[in-house]
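Undergrad: how would this look folded up:
(one chain, ligands or ions: 2)
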Amino acid sequence: MPYTRSQILLHWIVVLLLIPQFLLHDGMSHAFHQLMEGAGADYAPLVLQHIVTGLAVLALVLWRLVLRARVGAPPLPAQEPALMKLAAHATHWALYALLVLLPLSGLAAWFGQLGTAAEAHEIMKNILLALAGLHIAAALFHQFVLRTNLLARMRRPGAV
Ligand code: HEM
Ligand code: HEM
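TA: Ligands and ions are numbered 1, 2, ... in the order given. Below you'll find the model as predicted:
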């Protein structure tokens with residue numbers, strides 16, 4: 001089954017929502033340090049933005065996982081070596097896991113005032129950045145070096 005319109009839309013909406021989480025986190029980091037020093041929770045606009053956007057990512061990723069269980073995903077290009085297929089699957093599932101665990105660790109850090117959850121949040125956001133970089137590089141490698149037209153799968157439903 002090719003990716004459906006909903007799966008494609010959700011992939012790109014989640015990508016867009018992740019950008020402010022990485023660019024605008026200063027307000028949240030600052031408020032969290034104040035909270036841990038006993039100053040109380042400060043719901044400044046950037047703190048609310050971080051929480052609401054993070055919760056939206058969580059909800060949309062859970063929706064994606066339900067869709068994936070129901071309609072599946074297209075098989076990887078047939079000519080691809082087994083090791084690359086394994087790497088692609090591992091990366092996709094690791095990305096899904098991180099997109100669930102990152103918001104959950106953030107919630108535990110903020111609402112439970114747990115320093116360890118904040119540390120996990122920070123480590124996982126670094127792993128997410130690294131894997132997203134690998135994923136994007138692999139997509140471009142497929143498109144422009146292997147010329148499998150892989151990007152079409154995530155552009156139009158039923159294209160490939
Ligand atoms: C996909 C969703 C999310 C992403 C990508 C994300 C990303 C980030 C990033 C990049 C930072 C800065 C870490 C640093 O200081 O280097 C951060 C900090 C933080 N985030 Fe999130 N976040 C997400 C969801 C959430 C949610 C839902 C909450 C819930 C309240 C949250 C709570 C926090 C807290 C408390 C900090 C401060 C941690 C600290 O400075 O030690 N995050 N987040
Ligand atoms: C410019 C950026 C990106 C491009 C060009 C891109 C492209 C693609 C393509 C072509 C696929 C389909 C792969 C296949 O069918 O084998 C895919 C799947 C996927 N992408 Fe991306 N992606 C981008 C960014 C991201 C980011 C930032 C994330 C998450 C942090 C992400 C998460 C995923 C996941 C989890 C899948 C697997 C979908 C599934 O099979 O259920 N992507 N992406």
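Undergrad: residues of this structure that sit close to ligand 1?
TA: 18, 21-22, 25, 28-29, 32, 50-51, 54-55, 57, 99, 102-103, 106-107, 109-110, 118, 121-122, 125 (CB under 6 Å from any ligand atom). Where C-beta positions appear, they are placed from N, C-alpha and C, glycine not excepted.
Undergrad: find me the pLDDT at Val160, would you?
TA: On the pLDDT scale, Val160 is placed at 61.
Undergrad: I'd like to know how many residues surround the nearest residue to Leu114 once chain neighbours are set aside.
TA: Closest residue to Leu114 apart from its sequence neighbours, by CB to CB, 6 or more residues apart in numbering: Ala108 at 5.2 Å. Counted with other CB atoms under 10 Å, the neighbours of Ala108 add up to 16.
Undergrad: now the host helix or strand of Ala108, how far from the chain's geometric center?
TA: In the assignment (DSSP states H and E), Ala108 maps to helix 82-112. The chain centroid and the centroid of helix 82-112 are separated by 7 Å under CA atoms, centre = their mean, to the nearest Å.
Undergrad: which phi and psi does Asn126 have?
TA: phi -70, psi -40 (degrees, to the nearest 10).
Undergrad: count of neighbours near it?
TA: For Asn126, using other CB under 10 Å, the count is 9.
Undergrad: for it, give its distance to Gly40.
TA: Using CB to CB, to the nearest Å, one obtains 29 Å as the distance from Asn126 to Gly40.
Undergrad: what's near enough to touch the residue positioned nearest the centre of the chain?
TA: Among the residues of the chain, Leu99 comes closest to the average C-alpha position under CA atoms, centre = their mean, at 4.2 Å. By CB atoms under 8 Å, 6 or more residues apart in numbering, the contact list for Leu99 reads Val14, Val57, Leu58, Val61, Leu128.
Undergrad: where exactly do the helices run in this structure?
TA: Using DSSP state H, the helices of the chain run over residues 5-23, 26-36, 45-71, 82-112, 115-141.
Undergrad: which of these sits closest to Leu151?
TA: Counting by CB to CB, Leu151 lies closest to helix 115-141 out of the helices of the chain; the figure is 6.2 Å.
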